[in-house]
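> Fold the following for me, if possible:
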Amino acid sequence: MKSDWMARELVHRDYSHHPPALAPLYKTSVLRSPRNALISLQNSLSELTAPVFTPTDIGPIDHDLILNYAKDGLPIGERIIVHGYVRDAFGAPVRNALVEVWQANAGGRYRHKKDQYLAPIDPNFGGCGRMLTDDNGYYCFRTIKPGPYPWRNQVSDWRPAHIHFSLSGEAFAQRLITQMYFEGDPLLVRCPILQSVGSDDAMRTLIAELDMHAAVPLDSLAYRFDLVLRGHRATWFENRTQGAA
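You can find the predicted model right below:
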């Protein structure tokens, strides 16, 4: 099924809401940041069309990180639900967006061969999952609350508990990779990555709020995390994509 706005231009990103590429307290950004000014390019047709995902692409428990890797029992840790809405910059729901997540286990360790943190691997927790948004742009998944962990940045730096998100919306140019943090975590103010955002308002968009209305009694707490992708122009005339009908 094709989107009814597949060939429309996307609005430019507002870089005032994004962290700078160079953040000296975040040591690896020194080598990874570009040395020259960015070049702004018009969206091409390949960027305005999107991969089309359907429920048949998703396994029945891909969205349940508590069960999707369980072998000999359930994973250890605090059970939580994460849910929210994916919308574009104009507030319209993004339907059938692929939401992929990955995270450390309750001890703060990833199931990755290069993660050598001394916390043990949980044999029943894989730490990754995926789901599609519904017609209202809504998504929901169950998981174990990840633990914080030390990292080689500055002496005694620790990453706050967080979950990585990758979103593929209705166009390749909407692709977003970000991180979700948890309300009330004392490590937030000490995280060089989060502090590089600079704006308090933008920083708050990365922090999930405790949502007791969505909690499951005697089972799981819940956190609400809404995400915003780039939006398309509502009207357009001469600036239509070259070759589009």
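
> what's the weakest-modelled helix or strand in this structure?
Between all helices and strands in the chain, the lowest mean by mean pLDDT, DSSP states H and E belongs to helix 45-48, at a mean of 73.

> Could you find the closest non-adjacent residue to the most centrally placed residue in the chain?
The central residue of the chain, meaning the one whose C-alpha is nearest the mean C-alpha position (C-alpha atoms, centre = their mean), is F165 at 2.2 Å. In space, and not counting its chain neighbours, F165 is closest to T178: 5.2 Å by C-beta to C-beta, 6 or more residues apart in numbering. Any C-beta I mention is one placed from the backbone N, CA and C, and that applies to glycine too.

> What count of nearby residues applies to the one you found?
Summarising burial for T178: neighbours were counted as other C-beta atoms under 10 Å, giving 14.

> Would you pull up how far the helix or strand containing it lies from the middle of the chain?
Taking DSSP states H and E as the definition, T178 sits inside strand 176-182. Counting by C-alpha atoms, centre = their mean, to the nearest Å, strand 176-182 is centred 4 Å from the centre of its parent chain.

> ok, and for it, which residues are buried?
By neighbour count, with 16 or more other C-beta atoms under 10 Å as the criterion, the buried positions of strand 176-182 are L176, M180, Y181, F182.

> Which one of those is nearest to V228?
L176 (8.6 Å; C-beta to C-beta).

> quick one: contacts for that closest one?
For L176, the contacting residues are F165, S166, L167, G169, L227, L229, taking C-beta atoms under 8 Å, 6 or more residues apart in numbering as the criterion.

> Neighbour-wise, give me the winner out of these.
Neighbour counts for the contacts of L176 (other C-beta under 10 Å) peak at G169, which has 28 neighbours.

> got a list of what that residue touches?
If a contact means C-beta under 8 Å, 6+ apart, then G169 has A50, V86, D88, V94, A97, R175, L176, L229, R230 as its contacts.

> for the fourth one, phi and psi?
It stands for V94. Dihedral angles of V94 (phi, psi; degrees, to the nearest 10) stand at phi -100, psi 110.

> Correct me if wrong: it contacts R87.
Yes. Counting by C-beta atoms under 8 Å, V94 touches R87, with 6.2 Å between them.

> can you give me the offset of the longest strand belonging to the chain from its chain's centre?
Of all segments of type strand in the chain, defined using DSSP state E, the longest is strand 79-88. A distance of 10 Å separates the C-alpha centroid of strand 79-88 from that of its chain, computed with C-alpha atoms, centre = their mean.
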